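Q: okay, sequence plus prediction incoming.
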Amino acid sequence: LSCSTYLGQLFIGLLCSQDRPATMALLLMTVTVLHLVTLAMLFIATIEKSWWTLENVENVDLWYKCMYDNKTDTWLCANTTDNEWLQSVQALMVLSVILSSISFLVFLGQLFTMSRGGLFYFTGICQILAGLTAFAAVLIYTFQREEILRDSIRELSMGRFGYCFILAWVCVPLLLCSGVVYVHLRKKDKA
């Protein structure tokens, strides 16, 4: 069996389990952990300094351009040059973090105040919107990197995408999947 088939069967098995309270508690805990992990990854991708890297000598992120100084053995950083594409990516990533944070806070509020049998629509919609804004940000960075990095990097062809860029891409499906799960998640009825 492939990994995705196994996980799908495990998820369906959890939903169809006879032990409903334990299943719902496990599902609730899984969704909460997934949300927190995704939010942490999204936050790191937004503020950390490695969206574009050049052989561990130069790093460019959404906010700073850093160069390694061999003499002092430190990273010297300066603000990135502003252009419209970079500002769009910055705004979309910050908006994604804000939407995911709001989604988590609303989820906690709904968990304790919502009537039994209610659905977590608002939480799911915020999470899906966070995924779509992160998706738009990484797409813009992917296709407009030459324009974004034109004044920041000397040799664009020698560089590669950094781990924060990859982390942002990983967040997109996780945000969308958790949003869909929230939309379908129902607060447990009294047994």
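A: Received the coordinates, thanks. Numbering: from 1, shown residues only.
Q: buried sites along the host helix or strand of A25?
A: A25 is part of helix 20-47, with elements assigned from DSSP states H and E. For helix 20-47, the neighbour count (16 or more other C-beta atoms under 10 Å) marks 23-24, 27, 31, 34-35, 38-39, 41-43, 45-46 as buried. All C-beta spots, glycine's among them, are computed from the backbone N, C-alpha and C.
Q: for it, packing partners?
A: helix 3-15, helix 84-113, helix 121-143, helix 163-184 (3 or more C-beta pairs under 8 Å, 6 or more residues apart in numbering; DSSP states H and E).
Q: looking at the chain, which residue lies furthest from center?
A: K71 (36.5 Å; C-alpha atoms, centre = their mean).
Q: next, it: secondary structure please.
A: Here K71 is coil, with the state taken from DSSP: H, G, I helix; E, B strand; the rest coil.
Q: now the one 5 residues further on
A: Following three-state DSSP, the label given to L76 is strand.
Q: can you start the count at 16 instead of 1 from here on
A: That works, and once the first residue is 16, the last one we named lands at L91.
Q: partners of it in the sheet?
A: L91 forms beta bridges with M82, as assigned by DSSP bridges.
Q: that one: neighbour count?
A: Residues within reach of L91, counting by other C-beta atoms under 10 Å, total 11.
Q: no further questions, thank you.
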